[in-house]
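Asker: I need the structure of the sequence given here:
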Amino acid sequence: MDINMFDFDLPEELIAQTPLKDRTASRLMVLDPVSGQIQHNTFKNVIDYLNPGDCLILNDTRVLPARLLGEKEDTKAKIEILLLKETGSDTWETLVKPAKRVKPGTVVSFGNGLLKAVCLEETDQGGRTFKFEYEGIFYEILDALGEMPLPPYIKEQLEERERYQTVFAKHQGSAAAPTAGLHFTETLLEEIKKKGIHVAFITLHVGLGTFRPVSVENIQEHDMHAEYYQLTKGTAALLNEVRNNGGRIISVGTTSTRTLETVAGKHGEFREDSGWTDIFIYPGYRFKAIDGMITNFHLPKSTLIMLISALAGRENVLKAYNEAVRERYRFFSFGDAMLILEGEYKHDSSRSV
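Answerer: Below is the predicted model:
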């Protein structure tokens, strides 16, 4: 399957640089994956498309302030380290800039020596493994010295660090936010629960591998990086109950989707489970876990647009994306949202954008 099948023209000015003050004020495109019908609304009205007995699944991972700016202890050369994955006690896989200056044995110092990192080995694509040395609690030091690892296409400074966290973020470990969840507020979640819609959580720690460009022409040759996930016994039981009662399971984001599909694919049902997943979903995949999905608008030729094309059909997705461009939707992490869900919905123009 050729990567160019997932390309579209995206004007750079549509890439959202800053988050909206009101999380629920984002626009919402609703796409029926069967008919291809498109509706336009605002995110605060997403509840109108959900039925009592349905279940929303959100990713409660928390983004680490994983970008560290330091200097080589010997030459004082400036070094940037991005934490990707903890591989052992105080040992992390990282990305480094400039990588050519960091060899095994190099010591990088942060915060006037408050934190030090010793390079253990070189890995692929500018990666390095570091052993960190410090006194105290690592995550408290990281919170003081680290910066939020915003995607490279965001050029503006983030005024509030918490705006790149979901309001339900709980378990630390991600190098990037599960951005579909950024549209929710505690108030909206309470309204959803009051309507009789279940809200439950999984954890998948987002790595940068999800967002790395696909470098092969034939997408079947692309290798996904593994990410750690966890599905609790309580959430698994709820999902099985919802399914047995005829409710719909709607995942919030590609990370929630990949977790649920991994577990359902492994066990044939929802069970308590944890581990590493490198599942790559693209057209031709048969979904086993979800009935619908809330997601943001993604990069051309990305694994993320391939995933939603598997759910809604490539032609439907590209048609919707071209309409989003025409209608000046905001794209990527701080952008607008799409709900992919089959259904007959009455169009209320007073509530549309």
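Asker: so where's the protein shaky on pLDDT?
Answerer: The model of the chain has pLDDT under 70 over residues 125, 209-212, 344-353.
Asker: Residue 57 against residue 255, yeah?
Answerer: No: between residue 57 and residue 255 there is no contact under CB atoms under 8 Å: 10.1 Å. Where C-beta positions appear, they are placed from N, C-alpha and C, glycine not excepted.
Asker: Break this protein into its domains for me.
Answerer: Following automatic domain parsing, one finds the domains of the chain at 3-63+160-351, 67-145.
Asker: Export those domains as a markdown table, with columns for distance to residue 154.
Answerer: Conversion of the domains of the chain to a markdown table gives the following (distance: least, CB to CB, whole Å):
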| stretch | distance to residue 154 |
| --- | --- |
| domain 3-63+160-351 | 6 |
| domain 67-145 | 12 |
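Asker: Out of the ones you listed, flag the one nearest residue 151.
Answerer: domain 3-63+160-351 (5.6 Å; CB to CB).
Asker: circling back: tell me the most buried of the domains of the chain?
Answerer: domain 3-63+160-351 (a mean of 18; mean count of other CB atoms under 10 Å).
Asker: Which helix or strand contains residue 121?
Answerer: In the assignment (DSSP states H and E), residue 121 maps to strand 115-122.
Asker: Give me the helices and strands touching that strand, please.
Answerer: strand 67-72, strand 107-110, strand 127-134, helix 138-145 (3 or more CB pairs under 8 Å, 6 or more residues apart in numbering; DSSP states H and E).
Asker: ok, residues contacting it?
Answerer: For strand 115-122, the surrounding residues in contact (CB atoms under 8 Å, 6 or more residues apart in numbering) are 68, 70, 73, 81, 91, 99, 102-110, 128-134, 141-142, 145.
Asker: List the contacts of residue 189.
Answerer: 167, 168, 199.
Asker: let's see 10 Å
Answerer: 47, 56, 58, 167, 168, 197, 199 (CB atoms under 10 Å, 6 or more residues apart in numbering).
Asker: Make sure residue 193 is indeed in a helix.
Answerer: Yes: the assignment for residue 193 is a helix, going by DSSP: H, G, I helix; E, B strand; the rest coil.
Asker: And residue 3, how far from residue 316?
Answerer: Note on residue 3: its distance to residue 316, by CB to CB, to the nearest Å, is 19 Å.
Asker: picking that back up, rebuild the helices and strands packed on strand 115-122 as a markdown table, extending it with distance to residue 308.
Answerer: Listed next are the helices and strands packed on strand 115-122 as a markdown table, based on distance: least, CB to CB, whole Å:
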| stretch | distance to residue 308 |
| --- | --- |
| strand 67-72 | 28 |
| strand 107-110 | 38 |
| strand 127-134 | 28 |
| helix 138-145 | 33 |
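Asker: Residue 215 belongs to a strand, doesn't it?
Answerer: No: judged by three-state DSSP, residue 215 forms no part of a strand; its state is coil.
Asker: and it, what does it touch?
Answerer: Residue 215 neighbours (CB under 10 Å, 6+ apart): 3, 125, 221, 222, 223.
Asker: so what strands line up beside the strand holding residue 121?
Answerer: Its sheet considered, strand 115-122 pairs with strand 107-110 (antiparallel), strand 127-134 (antiparallel) by DSSP bridges.
Asker: can you state the direction angle for it and strand 67-72?
Answerer: If you take axes from the mean of the first three to the mean of the last three CA atoms, to 10 degrees, strand 115-122 sits at 90 degrees to strand 67-72.
Asker: Alpha carbons of strand 115-122, as CSV, please.
Answerer: Taking C-alpha atoms only, strand 115-122 is exported to CSV below (Å, rounded to 0.1, in the frame of the first residue of the first chain):
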residue,chain,number,x,y,z
LEU,A,115,21.3,16.4,37.7
LYS,A,116,23.9,14.6,35.7
ALA,A,117,23.6,12.1,32.9
VAL,A,118,26.3,9.7,31.7
CYS,A,119,26.0,8.3,28.2
LEU,A,120,26.1,4.5,28.2
GLU,A,121,25.5,3.7,24.5
GLU,A,122,24.4,5.0,21.1
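Asker: re earlier: residue 290: which of the contacts of residue 189 is nearest?
Answerer: Checking the contacts of residue 189 one by one against residue 290 (CB to CB), the nearest turns out to be residue 56, at 10.8 Å.
Asker: pretty sure that closest one contacts residue 50?
Answerer: Yes: counting by CB atoms under 10 Å, residue 56 does reach residue 50; the two are 7.3 Å apart.
Asker: Mind listing the shared neighbours of those two?
Answerer: Common neighbours of residue 56 and residue 50 (CB under 10 Å, 6+ apart) are 192, 197, 198, 248, 250, 292, 294.
Asker: Can you tell me who the closest residue to the third one other than its chain neighbours pairs with across the strands?
Answerer: Right, residue 198. The shortest distance from residue 198 to any non-neighbouring residue, by CB to CB, 6 or more residues apart in numbering, is to residue 55 (4.0 Å). Beta-bridge partners recorded for residue 55 (DSSP bridges): residue 198, residue 249.
Asker: Now do the contacts for residue 55.
Answerer: 197-200, 235, 238-239, 241-243, 245, 247-251, 290-291.
Asker: can you tell me how far it sits from residue 153?
Answerer: Look at residue 55 and residue 153: by CB to CB, they are 32 Å apart.
Asker: now swap in residue 6 and tell me
Answerer: Taken as CB to CB, the span from residue 6 to residue 153 is 18 Å.
Asker: where exactly do the helices run in the protein?
Answerer: In the chain, the helices defined using DSSP state H lie at 138-145, 186-194, 233-244, 254-267, 303-312, 314-326.
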